[in-house]
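> give me coordinates for this.
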Amino acid sequence: MKHAVSFIAIIAFALGISTSVRAQTRITLLSPDPLKREVDAIVQNFEMKTGIKVQESYGTGVGSRRTVQEGGALDVTLLFAPFDDALKTGNVDKSTQTVVARVRLAIAVKDSAAKPDISNAAAVKKLLLNAKSLATVDPTQGSVGGATMLAFDKMGITDQVKPKTKLYPGGGGVQKAVADGEVEVAVGPYLSDYRNPPAGLQVVGALPPDAATPVDITAWISTNAPDKKAAMQLIDYFKGKEAASVWEQAHIFTVTK
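All right, here's what the predicted structure looks like:
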């Protein structure tokens with residue numbers, strides 16, 4: 001009996017050490033700030049499920065890419081496309097590239113305006129060409145602006161709309177400008193940013209794919225990540241079914257289906 005008790009004690013002690021080590025596992029995460037609410041919620045659920053702790057850092061879409069370019073990639077990094085320059089540095093492991101979700105640009109107008117047709121690229125192109133003024137985020141300060149410019153290119157209207165497009169540092173300024181009647185049409189922010197639009201603003205909806213290609217939210221593991229297994233667990237969780245409900249509540253499109 002004495003030996004049996006000792007054996008049980010040893011097993012319990014070993015399990016205790018194993019649980020303690022697992023609980024102390026910590027990985028770092030870099031994410032674009034527009035995703036903060038959703039990422040915080042998903043990370044909290046991940047920590048509760050796995051016992052792995054995640055230390056989060058946030059920057060703008062453009063700022064996050066710049067951080068990676070300058071060698072500041074964390075264990076796991078989420079970026080909005082395009083990210084070619086960030087990948088050239090070798091700071092992230094390209095073999096771990098994983099699309100976890102997608103965001104889409106949206107159109108908004110003043111609440112007193114008639115709701116425009118944005119059902120296809122031709123309708124969106126007509127709306128933007130006929131509008132007296134447009135607003136979007138400055139592409140040098142936010143990824144929304146870069147995505148908007150790509151959408152203009154895709155529709156072949158860049159030269160026509162550029163003179164009447166006003167640029168703002170962030171999505172809040174874009175929304176306010178249209179709500180206040182200073183600008184006629186907002187192109188972007190992402191549909192997910194319109195959780196609580198200001199009074200006076202009417203969110204028409206997401207731009208169709210033939211007008212604006214959905215923007216991938218892509219994850220990588222840093223080449224210097226000390227625990228790549230734990231890092232990949234987090235990435236898999238971001239694109240899994242449990243995270244899907246969080247993404248979808250924010251009008252962010254999942255890739256699990």
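> can you give me the helices in the stretch 151-257 of the chain?
Along the stretch 151-257 of the chain, counting by DSSP state H, counting those that start in this stretch, helices occupy 158-161, 171-179, 228-238, 241-249.
> now mean pLDDT, distance to Pro189 and mean neighbour count too, for these, in a markdown table please.
From N, CA and C alone the C-beta is placed, and that goes for glycine too. Below are the helices of the stretch 151-257 of the chain laid out as a markdown table (pLDDT from 0 to 100; distance: least, C-beta to C-beta, whole Å; neighbours: other C-beta atoms under 10 Å):
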| stretch | mean pLDDT | distance to Pro189 | mean neighbour count |
| --- | --- | --- | --- |
| helix 158-161 | 97 | 17 | 14 |
| helix 171-179 | 94 | 3 | 21 |
| helix 228-238 | 97 | 21 | 19 |
| helix 241-249 | 92 | 16 | 17 |
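> and of those helices, who's closest to Ala41?
Of all the helices of the stretch 151-257 of the chain, it is helix 241-249 that lies closest to Ala41, at 5.0 Å by C-beta to C-beta.
> which elements pack onto that closest one?
Under the contact definition 3 or more C-beta pairs under 8 Å, 6 or more residues apart in numbering; DSSP states H and E, helix 241-249 sits against helix 36-50, strand 92-103, strand 253-254.
> just the buried positions in the first one, please.
For helix 36-50, burial by neighbour count (16 or more other C-beta atoms under 10 Å) applies to Glu38, Val39, Ala41, Ile42, Val43, Phe46, Thr50.
> nearest to Glu184, of those?
Taking C-beta to C-beta as the measure, Glu184 lies nearest Glu38 of the buried residues of helix 36-50, at 30.1 Å.
> the closest one contacts Trp247, doesn't it?
Yes - using C-beta atoms under 8 Å, Glu38 is in contact with Trp247, at 6.2 Å.
> so for the two, which residues contact both of them?
Counting by C-beta atoms under 8 Å, 6 or more residues apart in numbering, Glu38 and Trp247 have no shared contacts at all.
> columns pLDDT on top of the buried residues of helix 36-50, output as JSON lines?
Shown next, in JSON lines, are those (pLDDT from 0 to 100):
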{"residue": "Glu38", "pLDDT": "93"}
{"residue": "Val39", "pLDDT": "96"}
{"residue": "Ala41", "pLDDT": "96"}
{"residue": "Ile42", "pLDDT": "97"}
{"residue": "Val43", "pLDDT": "97"}
{"residue": "Phe46", "pLDDT": "97"}
{"residue": "Thr50", "pLDDT": "95"}
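> which one of those residues is nearest to Trp220?
Val39 (15.1 Å).
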